[in-house]
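Participant: here's a sequence, model it:
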Amino acid sequence: MRYYIFLLTFLISCGTKTSNEYEIITTSSDQFLKKSSSLSISVKGIDNNLNIDYFLNGNKVNSKIDLSKSKLGTNNLEAIISINNEKISISKEIDIYSSKSPKIYSYDIINEYNHDISSYTQGLEFNGNYLYESTGLNGFSSLKKIDLFKNKVIETRFLDKQYFGEGLTIINNKILQLTWKSKVGFIYDLDTFEMQGSFDYGTSSEGWGLANDGQNVYKSDGTEKIWILDPKNFSEVDFIEVVTNNKKIKNINELEIVDDLIYANTYQFNNDVCVIINKDTGEVIGIINFKGLRDKVKQHPELDVLNGIAYNKKSKTFFVTGKKWNKIFEIKIFKS
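Facilitator: Below is the predicted model:
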């Protein structure tokens, strides 16, 4: 199969005009490229006698490319063409997908607990015996410490009304809380709830979900990307892209990490699903179908989507809720 994409090219040598006469052509027998796929690359509109160097993500490759070292998601192909004393560089993006389709999971409800129906849940995480929740909406955004099993809110801290609260995570005795479009996150002392500082976003577009694996912090921004943050200053150092065997999964929302897997809510109004992601590669290995769960909460005009997933290490169960749901469900997950 041939993919023809016209690309803006530019001359590397100083003072040389740009040209759009050339295009990179990729040829593969696979409709959706995998790391195991065979891929050939050439340049249309070029004399075969000219010297062309090919690069995949900055690494020099042959015209028959070994994709085993590529990353899942977007990869960059570049061709540098030598013409006399000039060099023309053209590029093209290709997407690499998982070699396996995700497994489908379902759930059993173990228990139900009360949840503040006014809470627009954006983040949920257990630490010890307490459940921590971050809520959104301007003027209503908050950070809460909750004794879920005694149905008691221990502490609440409200954000300034200019901020729309988003996800949270707890690492090194600090609570991190995102904001949506303000491009800033806040740092609180775990014990006192006092604000200790803030951190700015880097390249990521917005703040959605947060989680950590004890070493790094992982941040979603509403796209298919999950950003990896430095645990010391929370700067963005890298990212993974969330992909299945045939598509990128966008709208990645609230996050939880269990046994090196990311459990992520997706912001979808018609499907209450959670995807299970390999945190190192971005591969979706499973999809949890939470169909029917929203029907079990109080129905009202402001009822919104599933959002909020927390893992309790003691019970080895998940706790899930949604935006303006009146219940939190303790569940176990199993393969369908």
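
Participant: now Leu67: phi and psi?
Facilitator: phi -90, psi 0 (degrees, to the nearest 10).

Participant: which residue packs closest to Thr281, ignoring adjacent ones?
Facilitator: Here the nearest residue to Thr281 in space, its sequence neighbours aside, is Leu72; by C-beta to C-beta, 6 or more residues apart in numbering that works out to 5.4 Å. For every residue, glycine as well, the C-beta is placed using N, CA and C.

Participant: for that neighbour, the count of nearby residues, please.
Facilitator: 24 (other C-beta atoms under 10 Å).

Participant: OK, contacts around it?
Facilitator: Leu72 makes contacts with 35, 96-98, 240-241, 243, 281-283, as judged by C-beta atoms under 8 Å, 6 or more residues apart in numbering.

Participant: now swap in Lys291 and tell me
Facilitator: 271-272.

Participant: ok, now Asn245?
Facilitator: 32, 34, 97-102.

Participant: buried ones among the residues you listed?
Facilitator: Among those, those buried by neighbour count (16 or more other C-beta atoms under 10 Å) are 32, 34, 97-98, 102.

Participant: follow-up on the earlier one: mind giving me JSON lines with the contacts of Asn245 and columns for secondary structure and distance to Val61?
Facilitator: Shown next, in JSON lines, are the contacts of Asn245 (DSSP: H, G, I helix; E, B strand; the rest coil; distance: C-beta to C-beta, whole Å):
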{"residue": "Phe32", "secondary structure": "coil", "distance to Val61": "20"}
{"residue": "Lys34", "secondary structure": "coil", "distance to Val61": "17"}
{"residue": "Tyr97", "secondary structure": "coil", "distance to Val61": "19"}
{"residue": "Ser98", "secondary structure": "coil", "distance to Val61": "22"}
{"residue": "Ser99", "secondary structure": "coil", "distance to Val61": "20"}
{"residue": "Lys100", "secondary structure": "coil", "distance to Val61": "25"}
{"residue": "Ser101", "secondary structure": "coil", "distance to Val61": "28"}
{"residue": "Pro102", "secondary structure": "coil", "distance to Val61": "29"}
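
Participant: show me what the most centrally placed residue in the chain is bridged to.
Facilitator: Per C-alpha atoms, centre = their mean, the C-alpha nearest to the average position across the chain is that of Ile226, at 3.0 Å. Beta bridges link Ile226 to Ser220, Ile240 when assigned by DSSP bridges.

Participant: thought it was touching Asp213?
Facilitator: No - contact criterion C-beta atoms under 8 Å: Ile226 and Asp213 do not qualify, at 11.9 Å.

Participant: quick check: bridge partners of Gln56?
Facilitator: Residue 56: Leu, not Gln. In this entry, Leu56 is beta-bridged to Asn59, Leu77, by DSSP bridges.
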